[in-house]
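Participant: Task: produce atomic coordinates for the following.
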Amino acid sequence: MTARRGDWSTASPANALVGVRVIWGGLLLGPVALLVVVVAVGHGSERDLGDLAMFLFGLEVAFLVVAAVVGGFARKQIYKRHWQADAITPRGYVLGNILLLTLLEAASLFGLVLTMLHGRLIPMVLPAMIAMGLHAVNFPTGGPMQPAPMRRRAEA
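Facilitator: Model prediction:
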């Protein structure tokens, strides 16, 4: 059976790492481009949204927290499911990272759109910037695909 293009179940760790890095860059490029648009064009004409502005800001913060927590938890669960021998399989590494990065991208895009709607940069853009920072910090290194025996707890 030959591997099909895009079939992560048979990818080598090196190929999976290159693929995830390309996806990482592509998913970060959209929010960065939108941030440039928001800063250059989308702010300056602040709209008086009253209480709705605070509600939208709270919604944006909640989205960021949920995306980061759920994304991190789900990635760990996917890693656990794809643990074989002493490492995460390339398929598990790709799936776990795509899930986390997509949630962080969604949180940043949501925040940037709300920033444009509100028309005021600060504080509306801050959760989006945090989401983009978390995305950037999660640059794929391939570490989980490297052999590392599970550590056993010392019995008391």
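Participant: which residues in the protein form helices?
Facilitator: Counting by DSSP state H, one finds helices in the chain at the ranges 13-37, 51-81, 90-118, 126-137.
Participant: Buried deepest among those, which one?
Facilitator: Ranked by mean neighbour count, the helices of the chain are led by helix 90-118 with a mean of 22 (mean count of other CB atoms under 10 Å). For every residue, glycine as well, the C-beta is placed using N, CA and C.
Participant: tell me what it is packed against?
Facilitator: Counting contacts by 3 or more CB pairs under 8 Å, 6 or more residues apart in numbering; DSSP states H and E, helix 90-118 is packed against helix 13-37, helix 51-81, helix 126-137.
Participant: The helices of the chain into JSON lines, with extra columns for distance to G143?
Facilitator: Putting the helices of the chain into JSON lines (distance: least, CB to CB, whole Å) gives the following:
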{"stretch": "helix 13-37", "distance to G143": "10"}
{"stretch": "helix 51-81", "distance to G143": "11"}
{"stretch": "helix 90-118", "distance to G143": "9"}
{"stretch": "helix 126-137", "distance to G143": "14"}
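Participant: Among these, which comes closest to Q146?
Facilitator: The closest of these to Q146 is helix 13-37. By CB to CB, the value is 7.6 Å.
Participant: Give the rounded mean pLDDT of the closest one.
Facilitator: Helix 13-37 carries an average pLDDT of 94.
Participant: what sits up against it?
Facilitator: Here helix 13-37 makes contact (CB atoms under 8 Å, 6 or more residues apart in numbering) with 8, 11, 87, 90-91, 93-94, 97-98, 101-102, 104-105, 108-109, 112-113, 116, 125, 128-129, 131-132, 135-136, 138-142, 145-146.
Participant: Next, the angle helix 90-118 makes with that helix.
Facilitator: When axes from the mean of the first three to the mean of the last three CA atoms, to 10 degrees is applied, the directions of helix 13-37 and helix 90-118 differ by 0 degrees.
Participant: Just want the angle from helix 13-37 to helix 126-137.
Facilitator: If you take the same axes, to 10 degrees, helix 13-37 sits at 160 degrees to helix 126-137.
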